[in-house]
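# Provided below for reference: sequence and predicted model.
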Amino acid sequence: MSAERKVRPFYWSVRRELWEHPAIYLAPVGAAAVGLLGFGVSTLWLARAVASPVPRNDSLMAPYAFTALAVMVIGVLVSIFYALSALHGERQDRSIQFWKSLPVSDTTTVLAKMAVAMVVMPLAALAAIFGAQTVMLVVSTIVVLVNGVDPARLWPRVDMSLMWTVLPYGLLINALWLAPLYAWLLLISGWAKRMTFVWAFAPPLALALFERLAFNSTYVIHLLIERVLGGFGEAFSIRGEGREPIGSFSDIDPIHAFSSPHIWGGLAVAGLLLALTIRMRRSRDAI
């Protein structure tokens with residue numbers, strides 16, 4: 001038992017994914033860097049905006065929100081493409097034969113890849129967002145100081161306490177919401193011999209098309225859209241209705257989020273798909 005604890009196969013399986021897929025942490029950093037570049041240009045007008053009376057629709061928080069949104073969207077896209085290639089890639093380059101020779105179970109391998117999509121990727125996005133927003137706040141302070149404006153007029157208008165509380169909470173909810181999508185993509189990644197993207201998305205879309213033509217209804221396509229995009233609404237809007245964004249600490253309602261049947265039903269489906277993926281990998285070999 002002590003030897004197994006020292007080896008830590010799950011930990012090193014996750015580390016392996018980071019070595020093989022540097023986009024997991026480079027993509028959020030790149031998105032944050034683009035946000036910083038755009039913010040740097042906007043600082044040319046920052047001192048004037050801070051010195052002027054506060055307008056009804058204050059836009060000083062907009063760059064922080066836009067940067068966070070861009071990094072989160074990029075993170076989800078990277079997770080989708082990562083999950084599609086995670087098991088297919090090792091079969092295609094025949095490295096699966098080497099990895100199967102190691103004392104690492106199929107369960108550990110599949111769950112490590114799922115953890116990268118659901119845990120590591122959101123943490124990388126969160127770190128990139130926090131880092132970029134901290135730099136933006138420091139640069140803003142320096143800019144207004146250089147232009148002779150009191151930073152005390154800036155800080156209340158860019159109060160990050162609510163955003164830095166909502167972001168970890170929202171990323172957690174969104175990761176749980178997307179769990180069945182990531183599990184489905186891993187299943188396709190381990191099963192398909194080629195064109196994983198087509199096999200992953202063509203059958204659900206074909207089913208939606210059949211429903212529309214046969215029954216003149218759109219339940220399937222609405223379900224698909226809700227599962228792919230609904231996590232952001234559930235995470236960052238009041239009561240998960242997607243109508244009004246969270247604007248105060250009292251709007252955060254974890255009881256409502258964690259009691260949602262959409263989340264628990266999705267996790268149950270994800271568990272079933274992961275079990276199928278693990279069972280299938282035992283008989284899979286190089287393509």
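Everything's here; your move. Numbers count the residues shown, from 1 in each chain.
# shaky segments in the stretch 151-287 of the chain?
Per-residue confidence for the stretch 151-287 of the chain (pLDDT under 70) gives these ranges: 284-287.
# recalculate using a threshold of 50.
Judged against pLDDT under 50, the stretch 151-287 of the chain has no low-scoring part.
# got the buried residues for stretch 258-273?
Neighbour counts over stretch 258-273 (16 or more other CB atoms under 10 Å) mark 260, 262, 263, 266, 269, 270, 273 as buried. Using the backbone N, CA and C atoms, a C-beta is placed for each residue, glycine as well.
# what's the answer for stretch 152-166, then?
Of the residues in stretch 152-166, those buried (16+ other CB under 10 Å) are 154, 158, 160, 163, 164, 166.
# tell me who's in contact with residue 125.
The contact partners of residue 125, taken as CB atoms under 8 Å, 6 or more residues apart in numbering, are 28, 71, 72, 74, 75, 171.
# does it belong to a helix, a strand or coil?
Reducing the assignment at residue 125 to three states with DSSP: H, G, I helix; E, B strand; the rest coil gives helix.
# so what's the residue count around the nearest residue to it once chain neighbours are set aside?
Among residues not flanking residue 125 along the chain, residue 75 sits closest, at 3.8 Å (CB to CB, 6 or more residues apart in numbering). Taking other CB atoms under 10 Å as the neighbour definition, residue 75 ends up with a count of 26.
# can you tell me the helix or strand for residue 75?
Counting by DSSP states H and E, the element that carries residue 75 is helix 62-92.
# quick one: average pLDDT of that helix?
Per-region confidence: helix 62-92 scores 91 on mean pLDDT.
# may I see the buried residues of it?
Applying a neighbour-count criterion of 16+ other CB under 10 Å, one finds 63-64, 67-68, 70-72, 74-76, 78-80, 82-91 buried in helix 62-92.
# I'd like the distance from that helix to the chain centre, please.
For helix 62-92, the distance from its own C-alpha centre to the chain's C-alpha centre is 6 Å (CA atoms, centre = their mean, to the nearest Å).
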